[in-house]
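>>> could you work out the structure for the sequence below:
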Amino acid sequence: MFTSEKMMKFLREKYPPGTRIRLVSMEDPYAPVAPGTEGTLVCVDDAGQFQMKWDNGRTLALIPGEDSFTVLPPERSVLKLYMPLTAELYEPDEWGDMPEEAERLTGGELASYEDKIRSALFKNRMQEEQIRGIMYWYRKPDSVNDKVHSVVFDVEQRHGRLWGVAECQISGELSAVELAALKKYISGQASDGWGEGFEQQEITLDGGRELYVHLWQDEDWSIRTEQERFEPYRDKLPQLCFTLLPGTGQLICVKRGESGYYPSDWSTPDAQENRRIADEQNRKLGVTPAQEEAMKIGSMCGWDVPGADPDHCMDIVEQRGGMELGKKDFFRIYGRSG
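Numbering: from 1, shown residues only. Okay, the predicted model is just below:
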């Protein structure tokens, strides 16, 4: 099978590795793959044949032009982009009149209104947005439009704080450039488009109170992925480690991304012995003292605080000289989660 260099370039661009394929028919006279079998493209080889990994375990190649097949659409996944919320709460006086000045609320104070805000976001969606959400208004004929099926605004509570969420249904993976373009578009909708209309709609609460929620504000605002927002140091941290509970010296296990800790069955009444066990187990796991400290801080104070960065903890470990902080001193220095 002769294939020109130009055709090879075309095939490899149109059918990248990972493309999902369903076989319609195969012209192999000896042991063809059964029609309807699905598989994953490994690569387009130098002869222009599709090297395949079929779901039934076979690896017989496809020959374009001879064999018949269809390309399956990429499976959709959910990408969540998080943004801080603020709101104004108006509470009527004893005569039922609304004050001119409202009480300003942030994410922690908005957590108790999660269901009310979610319901209001749903009601604010227009008829045109039923299928693609705010992507209905995205007019650029580019790869972002192709890959992002829909975007809707929602809210989600994390670590006792309510966040605005742009929930995106996407096909395949977004490149860094595509993700930046999507963030820019959603930011515009949160500030001047969809969000501008939403923030003018009152959310009625009990007692005649009115809540006005902002998806965007001009200070201290950003839109970030889940890892960027809540676990910015994830790639620097191990999956788990052993450490001592501040104040008690109990041996505990901490898992990356989880709040709190797991008591260890190896814990003893002796804090020094627990320290020895923690050091021994962490060495086996390849966990450094700075990573251990960052894991402990993240599990108790939140995974987005600077202390959850092992680089931030290197000086702390050196200055402490191996001494364990008491519970009171620990939270005085690092604060509490939520």
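>>> can you map out the helices along the chain?
5-14, 107-110, 114-123, 143-147, 176-191, 194-198, 226-230, 271-285, 289-301, 310-320, 327-334 (DSSP state H).
>>> and the fourth one, what does it pack against?
So that's helix 143-147. strand 161-171, helix 176-191 (3 or more C-beta pairs under 8 Å, 6 or more residues apart in numbering; DSSP states H and E). Glycine gets a C-beta too; all of them are placed from N, C-alpha and C.
>>> could you dump these to TSV with distance to Leu85, mean pLDDT and mean neighbour count?
Formatted as TSV, the helices and strands packed on helix 143-147 follow (distance: least, C-beta to C-beta, whole Å; pLDDT from 0 to 100; neighbours: other C-beta atoms under 10 Å):
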stretch	distance to Leu85	mean pLDDT	mean neighbour count
strand 161-171	5	96	21
helix 176-191	10	96	18
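>>> the ones you listed into CSV, with extra columns for distance to Ile63?
Formatted as CSV, the helices and strands packed on helix 143-147 follow (distance: least, C-beta to C-beta, whole Å):
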stretch, distance to Ile63
strand 161-171, 27
helix 176-191, 33
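>>> of all these, which lies closest to Pro306?
strand 161-171 (17.5 Å; C-beta to C-beta).
>>> now, of the helices of the chain, which is deepest in the fold?
helix 289-301 (a mean of 24; mean count of other C-beta atoms under 10 Å).
>>> need the helices of the chain in JSON lines (columns: distance to Ser25).
Listed next are the helices of the chain as JSON lines, based on distance: least, C-beta to C-beta, whole Å:
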{"stretch": "helix 5-14", "distance to Ser25": "20"}
{"stretch": "helix 107-110", "distance to Ser25": "57"}
{"stretch": "helix 114-123", "distance to Ser25": "46"}
{"stretch": "helix 143-147", "distance to Ser25": "29"}
{"stretch": "helix 176-191", "distance to Ser25": "36"}
{"stretch": "helix 194-198", "distance to Ser25": "48"}
{"stretch": "helix 226-230", "distance to Ser25": "43"}
{"stretch": "helix 271-285", "distance to Ser25": "52"}
{"stretch": "helix 289-301", "distance to Ser25": "54"}
{"stretch": "helix 310-320", "distance to Ser25": "55"}
{"stretch": "helix 327-334", "distance to Ser25": "64"}
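>>> nearest to Glu219, out of the ones you listed?
Nearest of the helices of the chain (C-beta to C-beta): helix 176-191, 12.4 Å.
>>> centre of the chain to that closest one, how far?
15 Å (C-alpha atoms, centre = their mean, to the nearest Å).
>>> now do the contacts for the residue most central in space within the chain.
Taking C-alpha atoms, centre = their mean, the centroid of the chain lies closest to Glu226, which sits 2.8 Å from it. For Glu226, the contact set (C-beta atoms under 8 Å, 6 or more residues apart in numbering) comprises Lys80, Tyr82.
>>> what does Ala308 give?
Glu231, Pro232, Tyr233, Leu237, Ala294, Met295, Ile297, Gly298, Cys301, Gly302.
>>> and for Lys80?
The contact partners of Lys80, taken as C-beta under 8 Å, 6+ apart, are Glu156, Val165, Ala166, Glu167, Cys168, Thr225, Glu226.
>>> how close does the fourth one get to Ser191?
Glu167 sits 18 Å away from Ser191 when distances are taken as C-beta to C-beta, to the nearest Å.
>>> same question, the fifth one
Spatial separation of Cys168 from Ser191 under the definition C-beta to C-beta is 18 Å.
>>> nearest to Asp67, out of the helices of the chain?
The stretch from these with the least distance to Asp67 (C-beta to C-beta) is helix 5-14; that distance is 13.7 Å.
>>> okay, that closest one in CSV with CA atoms only?
Taking C-alpha atoms only, helix 5-14 is exported to CSV below (Å, rounded to 0.1, in the frame of the first residue of the first chain):
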residue,chain,number,x,y,z
GLU,A,5,3.7,12.0,2.4
LYS,A,6,0.9,14.5,2.1
MET,A,7,-1.7,11.8,2.6
MET,A,8,0.2,10.5,5.6
LYS,A,9,0.2,13.9,7.2
PHE,A,10,-3.6,14.2,6.6
LEU,A,11,-4.4,10.8,8.1
ARG,A,12,-2.3,11.4,11.2
GLU,A,13,-3.9,14.8,11.8
LYS,A,14,-7.4,13.5,11.2
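>>> give the rounded mean pLDDT of it.
Averaging pLDDT along helix 5-14 gives 86.
>>> again with stretch 204-223
What stretch 204-223 shows for mean pLDDT is 93.
>>> buried set for that stretch?
Across stretch 204-223, burial judged by 16 or more other C-beta atoms under 10 Å covers Glu210, Leu211, Tyr212, Val213, His214, Leu215, Trp216, Trp221, Ile223.
>>> what's the closest of these to Ala34?
Using C-beta to C-beta, the buried residues of stretch 204-223 come closest to Ala34 at Ile223, 46.9 Å.
>>> ok, now how distant is the closest one from Leu215?
Per C-beta to C-beta, Ile223 is found 10 Å from Leu215.
>>> still on that earlier bit, with distance to Met126 added, can I get the buried residues of stretch 204-223 in CSV?
Below are the buried residues of stretch 204-223 laid out as CSV (distance: C-beta to C-beta, whole Å):
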residue, distance to Met126
Glu210, 23
Leu211, 21
Tyr212, 20
Val213, 18
His214, 19
Leu215, 16
Trp216, 19
Trp221, 24
Ile223, 22
